[in-house]
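>>> structure, please.
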Amino acid sequence: MVTYPAMLDVPRELIGFVARLLRAERRARGTRRRTRCLTCSKQALFVIAWFRDKPNITRHGLAFGLSQSTAYRYLHEAVDVLADQAPDLHQALDKAVADGLPHLELDGKIYPSDRCREKTVSVKGEAIDAWFSGKTGGFGGNVQMLCEPDGFPIWFSDVLPGGVVDIEAARALVLPAVYPYAKTMPVLADPGYQGAGHGIIVPFKNPADGNVLSIDDRCRNRLQRFLRCRGERGFALVGERWTALKHTTLSPGRIGDLVRSAHVLTLFEHRRIS
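Okay, the predicted model is just below:
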């Protein structure tokens, strides 16, 4: 067995923040002192290292003196604690209004995962893999995001199977709550949200009959895309920093909790929460 030194490029305050959440969770559960393999600080370090670099969970657990089953249990425990700290949709919208944001941006992303054999029925009546996404050509889960005009994410949804397209996911998870706010704070979205409804601004489609859009409509599309493109920063801030999101080998149903946990870590690093 060979050991080697490593460095975790996160602020020490982040370890303390997660440790405090874990300590509160242990108190709520009535966990007795010195009955756990790791202290709260060590468990926080274990979990954040996994989010940052996604090492093999078995070997990563051994480095902390944990069995494979205990490593998974400690990971899931911390994911639950962190995900509970993420703002819900109404909290995020109320804060956006209080901050006077001129608009929000809506987007969706397929987070890759291992294959899940759960079946569903397609619009053609055929049995297909529910978690397979035609958008990416692979398996994963669809997560919706709202972000500020500069692209900073303020809310992430729960996960739906990758076979669910963005407009369907938005109708199920986002739009009913957004409509009352969109009257004064419009939401910009890409063409995948055509038909989303009042207050959701999407580009005009090119006519299918060979005609072209008018100069006014093309100008509107260009302005809308110029503003909306900053929304891509939201997924990058979370996914590029916390590389565990690049591909999950956990249950695809956990993708939403993983993304919200990473969002909480991002909020802390950007001093949005303390």
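
>>> where along the stretch 101-250 of the chain do the helices fall?
166-173, 175-182, 215-228, 232-239 (DSSP state H, counting those that start in this stretch).

>>> ok, which of these comes nearest Val2?
helix 232-239 (31.5 Å; CB to CB). For glycine as for every other residue, the C-beta is placed from the backbone atoms N, C-alpha and C.

>>> circling back to that earlier point, can you put the helices of the stretch 101-250 of the chain in CSV and add mean pLDDT and distance to Asp257?
Below are the helices of the stretch 101-250 of the chain laid out as CSV (pLDDT from 0 to 100; distance: least, CB to CB, whole Å):
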stretch, mean pLDDT, distance to Asp257
helix 166-173, 96, 14
helix 175-182, 96, 20
helix 215-228, 93, 27
helix 232-239, 94, 13
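
>>> go through those helices and name the closest to Gly197.
Closest to Gly197 of these is helix 175-182 (CB to CB; 6.4 Å).

>>> let's have the helices of the stretch 101-250 of the chain in TSV, adding distance to Lys109 and mean neighbour count.
Shown next, in TSV, are the helices of the stretch 101-250 of the chain (distance: least, CB to CB, whole Å; neighbours: other CB atoms under 10 Å):
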stretch	distance to Lys109	mean neighbour count
helix 166-173	9	20
helix 175-182	17	17
helix 215-228	14	13
helix 232-239	5	18
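
>>> show me where this structure has strands.
Using DSSP state E, the strands found in the chain span residues 104-112, 119-121, 127-129, 132-133, 138-147, 153-161, 187-188, 200-201.

>>> want to throw those into JSON lines with mean pLDDT?
As requested, the strands of the chain are exported to JSON lines (pLDDT from 0 to 100):
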{"stretch": "strand 104-112", "mean pLDDT": "96"}
{"stretch": "strand 119-121", "mean pLDDT": "82"}
{"stretch": "strand 127-129", "mean pLDDT": "84"}
{"stretch": "strand 132-133", "mean pLDDT": "92"}
{"stretch": "strand 138-147", "mean pLDDT": "97"}
{"stretch": "strand 153-161", "mean pLDDT": "97"}
{"stretch": "strand 187-188", "mean pLDDT": "97"}
{"stretch": "strand 200-201", "mean pLDDT": "96"}
